[in-house]
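Engineer: could you work out the structure for the sequence below:
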Amino acid sequence: MKKFGLIGMCLTTALAVGLGACSSKAATTTSDDAATADAATDTDATAGTDATAGTDATAGTDAIATDMSGDVTSAAKLASIARGKYLIDAVFACGVCHTPKGTDGKPDMTKYLAGSTSYAFPMPDGTTNIVNAENITPHAEQGIGTWTDAQITNGIRKGVDDQDVAFWPIMPYPEYALLNDADVQAMVDYLRTIPAVDNVVPADTVEPPAGVLEAASAKDSDIPHTTLASTDPLFAAAERGRYLATGACIQCHTPEVSPGIANFKMAYAGGRQHKATADAKTATSTNITPDATGLAGWTIADIVASIKGNTDKAKNPLCDASPMGHGWMGDMTDGDMTDIATYIHTLPPIKNGPFTCYAK
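Structural biologist: Residues are numbered from 1 along each chain as shown. Modelled structure (predicted):
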């Protein structure tokens, strides 16, 4: 396996008004600075692990009986699997990229996480590469069934496959490098339990060139903290939200310094663009900082309602590229949505925009 990346909320499709995450880029240089960055220490973000996000997007995966080795005997393992399901289905909404859509435009749950959603990826020479989401089911030939835990972990955090070939960083693996060990292992544990699907994913129009290194990992210092004082009663909630939003929101809602690489000096200020296919409309992400060009005037409750209902403050539907609402991020626990909303509500404001869903 190669090219696209392993887990993504790969929400390049989420670049419109939604509060989600993803990217696209030809790989650059690597960095080890953040693989285990101390952002992971803020992760009381295990809140809500008992909620396995029972969404329509998880149909057919409810019966978690055994993993590939048959080892689900311990309560700790079962809890890890449940946490992984919740992260993959709700927080990071991996199925947006990795579950293909049927003719009705809805996820084809007979191919849950079996790949083949395609994205137009801008290349440095100005051409467009059609990159396809990989099959991340435990199928031995078409998926990741032969990968070790360490190889899947490297895919999530470092953006390399089982052959050490770099992915095109459409998935936000630079940001996933900041996930804590327990959450990464939980995703690995859950992926071991889902049905293996024999789904052949088309090749990208351009394969990663030999010898190209993965994109550099984000550093914890790149990610803005809440503006709340550490003595504020909401400070801990906002910092928990920071951890979750780093994996779920920042990649889409931050402009790029180069294709797929976030300009963290403009974190969450919107303006990132993408095209799902070469002939599709260009989607543009919203500024979600509390600036007048972003979410100034929104309350924490307004942001929670947006995530849960896939609507804006006036209850109008968000852009069709949004991953909000039931079936995706709207199935996060109320606690996690509130933590993310508290963080977003208290970000440093940045003037950028405003942006509409699609470029004219």
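Engineer: distance check, residue 242 against residue 254.
Structural biologist: Separation of residue 242 from residue 254 (C-beta to C-beta, to the nearest Å): 14 Å. C-beta: built from backbone N, CA, C; applies to glycine.
Engineer: now residue 236: which helix or strand?
Structural biologist: For residue 236, the enclosing helix or strand under DSSP states H and E is helix 235-248.
Engineer: which helices and strands does that helix pack with?
Structural biologist: Secondary-structure packing of helix 235-248 (3 or more C-beta pairs under 8 Å, 6 or more residues apart in numbering; DSSP states H and E): helix 173-176, helix 334-345.
Engineer: return the distance of the last one from the chain's centre.
Structural biologist: In terms of C-alpha atoms, centre = their mean, to the nearest Å, the gap separating the centre of helix 334-345 from the centre of its chain is 16 Å.
Engineer: got it, and stretch 183-202?
Structural biologist: With C-alpha atoms, centre = their mean, you get 15 Å for stretch 183-202.
Engineer: one more: stretch 81-99?
Structural biologist: On the basis of C-alpha atoms, centre = their mean, stretch 81-99 sits 9 Å off its chain's mean C-alpha point.
Engineer: then that stretch to PDB, C-alphas only?
Structural biologist: Extracted in PDB, the C-alpha atoms of stretch 81-99 (Å, rounded to 0.1, in the frame of the first residue of the first chain):
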ATOM      1  CA  ILE A  81     -11.300  -1.000  20.500                       C
ATOM      2  CA  ALA A  82     -14.300   1.000  21.500                       C
ATOM      3  CA  ARG A  83     -12.200   4.100  21.800                       C
ATOM      4  CA  GLY A  84     -10.700   3.400  18.400                       C
ATOM      5  CA  LYS A  85     -14.100   3.000  16.800                       C
ATOM      6  CA  TYR A  86     -15.200   6.400  18.300                       C
ATOM      7  CA  LEU A  87     -12.100   8.200  17.100                       C
ATOM      8  CA  ILE A  88     -12.300   6.700  13.600                       C
ATOM      9  CA  ASP A  89     -16.000   7.000  13.000                       C
ATOM     10  CA  ALA A  90     -16.800  10.300  14.800                       C
ATOM     11  CA  VAL A  91     -13.800  12.400  15.900                       C
ATOM     12  CA  PHE A  92     -11.700  12.000  12.800                       C
ATOM     13  CA  ALA A  93     -14.500  10.800  10.500                       C
ATOM     14  CA  CYS A  94     -12.100   8.600   8.500                       C
ATOM     15  CA  GLY A  95     -14.900   7.100   6.500                       C
ATOM     16  CA  VAL A  96     -15.400  10.400   4.700                       C
ATOM     17  CA  CYS A  97     -12.400   9.500   2.700                       C
ATOM     18  CA  HIS A  98     -11.900   5.800   3.200                       C
ATOM     19  CA  THR A  99     -15.500   4.600   2.600                       C
END
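Engineer: which residues of the stretch 201-350 of the chain score low on pLDDT?
Structural biologist: For the stretch 201-350 of the chain, the stretches flagged by pLDDT under 70 are 210-211, 277-279.
Engineer: hmm, 50 instead?
Structural biologist: Within the stretch 201-350 of the chain, not a single segment meets pLDDT under 50.
Engineer: for residue 172, see how far away residue 118 is.
Structural biologist: Look at residue 118 and residue 172: by C-beta to C-beta, they are 18 Å apart.
Engineer: neighbour count winner among the two?
Structural biologist: residue 172 (32 against 20; other C-beta atoms under 10 Å).
Engineer: chain neighbours aside, what residue packs nearest to that one?
Structural biologist: Leaving aside its sequence neighbours, residue 172 sits nearest to residue 251 (C-beta to C-beta, 6 or more residues apart in numbering; 3.8 Å).
Engineer: then residue 341?
Structural biologist: Closest to residue 341 by C-beta to C-beta, 6+ apart is residue 303, at 3.6 Å.
Engineer: what is the helix or strand harbouring the one you found packed up against?
Structural biologist: In this assignment (DSSP H and E), residue 303 forms part of helix 300-309. When contacts are defined as 3+ C-beta pairs under 8 Å, 6+ apart, helix 300-309 sits against helix 334-345.
Engineer: if you set the cut-off to 10 Å instead, what comes out?
Structural biologist: helix 235-248, helix 334-345 (3 or more C-beta pairs under 10 Å, 6 or more residues apart in numbering; DSSP states H and E).
Engineer: all good on my end, thank you.
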